[in-house]
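> test case, fold it:
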Amino acid sequence: MVFFCTVPISLGLVFAVLVSKVKRGQMVYRTLFFLPNIVSTAVSARIWMWIYNPFVGINTVFEAMGFTAIASISYLGDPAYALFSVAVTDAWRYWGFLMVLFLSALHQTDKSLEEAGVLEGANRWQIFWHIVLPQLRPTMMLMLMLTMIWSFAAFDYVFLMTSGGPGHASEMLGTYMYKEALYNQSPGYASSVALAMALFSFIIIVGFGILKKRGWDI
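Here you go, the predicted model:
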């Protein structure tokens with residue numbers, strides 16, 4: 001959840017700002033960055049499993065470049081790297097969707113405020129930080145809420161790439177619930193896990209509701 005609330009959202013915001021400045025061919029960049037989001041989960045998981053393959057994947061590139069320490073990493077087989085490697089795969093698919101949302105929000109910002117900032121002598125960073133970013137706060141808060149909820153329900157990439165392994169290092173509530181229901185034939189316990197997931201999501205929604213009552217733009 002911490003990873004998804006920082007890396008994909010930050011990438012989506014940065015690239016949305018960059019793409020919004022493009023005058024010609026902007027639709028091409030939008031399509032290229034959004035393309036991973038429409039690729040089937042099974043297909044993208046298989047692609048990244050090939051990339052992480054220690055014999056034919058990215059490790060061969062690192063080895064050819066002389067980075068032998070990095071080339072020896074087993075991304076999906078090492079408990080220290082498995083969960084992070086799966087998170088990178090999911091972020092690769094997910095950040096393009098966030099970029100499109102940020103682009104839509106950027107097109108709705110008040111341009112007159114930016115022009116006023118330029119007349120007052122503000123530089124680009126000051127205009128973005130003090131004028132543009134506050135107008136994006138409702139969109140960003142919505143993304144944070146949805147990302148936190150979806151993080152608790154993560155299942156597909158973990159199940160397809162590691163099945164929660166090695167040694168439960170990448171186990172998530174979703175995969176744990178699935179195994180208890182189907183592998184261990186414990187539907188009652190699996191239902192309890194599902195209820196806990198729903199409770200976590202409810203707590204997040206209530207928390208954002210409290211922030212909205214206190215005046216936050218959500």
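> any chance you could map the helices in this structure?
For the chain, applying DSSP state H gives helices covering 7-20, 26-38, 41-52, 58-64, 68-71, 82-107, 111-119, 124-127, 133-135, 137-152, 156-161, 173-178, 187-213.
> residues making contact with the third one?
It refers to helix 41-52. Identification of contacts with helix 41-52 by Cβ atoms under 8 Å, 6 or more residues apart in numbering yields 36, 56-58, 75-76, 85, 88-89, 92-93, 156-157, 160-161. For glycine as for every other residue, the C-beta is placed from the backbone atoms N, C-alpha and C.
> which one of those is nearest Y178?
Y178 has its nearest neighbour among the contacts of helix 41-52 in D156, at 10.6 Å by Cβ to Cβ.
> give me the neighbour count for the closest one.
16 (other Cβ atoms under 10 Å).
> and for it, nearest residue in space, chain neighbours not counted?
T41 (4.8 Å; Cβ to Cβ, 6 or more residues apart in numbering).
> so for that neighbour, what's the pLDDT?
pLDDT for T41: 93.
> now swap in the one 10 residues further on and tell me
At I51 the predicted local confidence, pLDDT, stands at 96.
> ok, Y178 next?
95.
> thinking it is in contact with F159, fair?
Yes - Y178 lies in contact with F159 (Cβ atoms under 8 Å); the separation is 6.9 Å.
> still on that earlier bit, so which of the helices of the chain comes closest to M1?
Comparing these by Cβ to Cβ, helix 137-152 comes nearest, at 3.8 Å.
> what distance separates the start and the end of stretch 164-177?
11 Å (Cα to Cα, to the nearest Å).
> what's in contact with it?
76-80, 82-83, 86, 152-155, 158-159, 162-163, 179, 190, 193-194, 196-197.
> again, 6 Å this time
The contact list for stretch 164-177 (Cβ atoms under 6 Å, 6 or more residues apart in numbering) reads 77, 79, 82-83, 86, 153-155, 158-159, 162, 190, 193-194, 197.
> and the furthest pair within those?
The widest separation within the contacts of stretch 164-177 (Cβ to Cβ) is 29.4 Å, between G77 and A194.
> contact partners for F159?
Counting by Cβ under 6 Å, 6+ apart, F159 has contacts T175.
> got any ranges where this protein has weak pLDDT?
217-218 (pLDDT under 70).
> let's see 80
The chain contains residues with pLDDT under 80 at 215-218.
> now F55: how far from E63?
F55 sits 10 Å away from E63, going by Cβ to Cβ, to the nearest Å.
> no no, V43
Distance from V43 to E63, by Cβ to Cβ: 27 Å.
> of these two, who's got more company?
The neighbour count for V43 versus E63, taken as other Cβ under 10 Å, is higher for E63 (14 against 9).
> not counting its neighbours along the chain, what's nearest the more buried one?
In space, E63 is closest to A71, 3.9 Å off (Cβ to Cβ, 6+ apart).
> that neighbour: how many residues sit nearby?
The number of residues near A71, taken as other Cβ under 10 Å, comes to 16.
> thought it was touching V61?
No - with contact defined as Cβ atoms under 6 Å, A71 and V61 do not form a contacting pair (8.3 Å).
> just give me the neighbour total for the spatially closest residue to G77 that is not a sequence neighbour.
Closest residue to G77 apart from its sequence neighbours, by Cβ to Cβ, 6+ apart: P166 at 5.9 Å. Using other Cβ under 10 Å, P166 has 14 neighbouring residues.
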